[in-house]
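>>> the following comprises the amino acid sequence and a computationally predicted model.
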Amino acid sequence: MSTLTVAEAGALTTVQDQGRVGLAHLGVPRAGALDRPAADLANRLVGNPADAAVLEVLLGGFVGRFSEGRWVVVTGAPCPVTVDGGPAAHGEAVWVAPGAELRLGPPATGVRCYVAVAGGVDVEPVLGSRSTDTLAWVGPDRVEDGAELSIGAPAGEPQPHDTPRPRPTGPLRINPGPRADWFDGDAVDRLCAAPYAVTADSNRIGLRLEGAELSRAQDGELASEGMVLGSVQVPPSGQPVVFLADHPPTGGYPVIGVVRAEDLWQCAQLRPGDEVRFTRDPQAPADATR
């Protein structure tokens, strides 16, 4: 059996794949890689199928050794990568010999790096996914120092080059509703008019923001209702929260809008203090307010 021994796990390393889609009605969050395009690229580069499990590493600091030689690639936040102390490429498949040390340094920008290994991280699936959910801790345990992770058999040849799919950058495109009418005036316009700053308590559950307060036009609270990925929920503080992969399946605060799925990878790479702007999604229906 091929294994990866984790000498240092860093601040937070988890196993992630494409998540547990379709179980929200049972109260199970989806989980999955926050920066999905980066995880998908990493799997393609080492010849894995799209649903292979990778490691999501927060702010670098990861050190691991393989029992067998494998092709490995690191994508996502650009970080220094070394193999046995020698520099290795970021965003390209590199060969890691048996016993060699793979080390990820802290990224200069961004937050989350993705480590894909030929064969994928072969931990036991839970409810059809190998993803770790940090809200309810469904799935594999978080990766700790000293962990030994099984690695599957390689499924294909590594790809020396790949053309990544376009990664749109800029304001987060938002589709208004379903509870925009719970706020004073045109709150969506106010949300889009001013910058917000990422706060330090952001995590895989939600990107918490600080900026112009979104005041309510209605008193009271909603009955709990279903939440979708990318929902922009506004608690009584008036400060918006963008729900990410580990968000709760239900919530009782009004949702002013939903961020387009293609833009959510940006939330995975934002640091505390970074500026966030919103814009109305040009593809949203003109009356999408409820």
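Yep, it's here. Residues are numbered from 1 along each chain as shown.

>>> pLDDT value on the closest residue to residue 205 other than its chain neighbours, please?
Nearest non-adjacent residue to residue 205, counting by CB to CB, 6 or more residues apart in numbering: residue 246, 4.7 Å away. Glycine gets a C-beta too; all of them are placed from N, C-alpha and C. Note on residue 246: pLDDT of 97.

>>> can you check the one 4 residues further on too?
In the prediction, the pLDDT value recorded for residue 250 is 94.

>>> look up how far residue 182 lies from it.
17 Å (CB to CB, to the nearest Å).

>>> for the residue positioned nearest the centre of the chain, what are its contacts?
The centroid of the chain falls nearest to residue 34 when counting by CA atoms, centre = their mean (1.0 Å). Counting by CB atoms under 8 Å, 6 or more residues apart in numbering, residue 34 makes contact with 16, 56, 112, 204, 244-245, 264-265, 267-268.

>>> before we move on, back to that, helix/strand/coil for the residue nearest to residue 205?
Secondary structure, DSSP: H, G, I helix; E, B strand; the rest coil: residue 246 is coil.

>>> hang on, isn't it packed against residue 134?
Yes - with contacts counted by CB atoms under 8 Å, residue 246 reaches residue 134, the gap being 5.0 Å.

>>> so between the two, which is more surrounded?
residue 246 (24 against 18; other CB atoms under 10 Å).

>>> what's the spacing between the more buried one and residue 206?
8 Å.

>>> using PDB, list the CA coordinates for stretch 30-42.
Presented in PDB, the C-alpha positions along stretch 30-42 are these (Å, rounded to 0.1, in the frame of the first residue of the first chain):
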ATOM      1  CA  ARG A  30     -21.600  19.800   0.700                       C
ATOM      2  CA  ALA A  31     -18.000  20.500   1.600                       C
ATOM      3  CA  GLY A  32     -15.500  20.000  -1.200                       C
ATOM      4  CA  ALA A  33     -12.500  22.100  -2.400                       C
ATOM      5  CA  LEU A  34     -13.100  25.900  -1.900                       C
ATOM      6  CA  ASP A  35     -11.000  26.800  -5.000                       C
ATOM      7  CA  ARG A  36     -12.600  24.200  -7.300                       C
ATOM      8  CA  PRO A  37     -10.700  25.300 -10.500                       C
ATOM      9  CA  ALA A  38      -7.400  25.000  -8.700                       C
ATOM     10  CA  ALA A  39      -8.200  21.500  -7.400                       C
ATOM     11  CA  ASP A  40      -9.500  20.400 -10.800                       C
ATOM     12  CA  LEU A  41      -6.300  21.600 -12.500                       C
ATOM     13  CA  ALA A  42      -4.200  19.800 -10.000                       C
END
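
>>> the chain should start at 44 in everything you say after this.
All set: I'll call the first residue 44, so the last point we hit is now stretch 73-85.

>>> now the strands for the stretch 194-333 of the chain?
Remark: strands assigned in the stretch 194-333 of the chain by DSSP state E, counting those that start in this stretch are 215-219, 239-241, 249-253, 268-269, 274-276, 284-286, 293-294, 298-302, 318-319, 321-323.

>>> with mean neighbour count and distance to residue 88 added, can I get the ones you listed in TSV?
Output for these, formatted as TSV (neighbours: other CB atoms under 10 Å; distance: least, CB to CB, whole Å):
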stretch	mean neighbour count	distance to residue 88
strand 215-219	24	27
strand 239-241	18	29
strand 249-253	21	27
strand 268-269	13	36
strand 274-276	23	32
strand 284-286	25	29
strand 293-294	15	37
strand 298-302	26	27
strand 318-319	15	29
strand 321-323	19	32
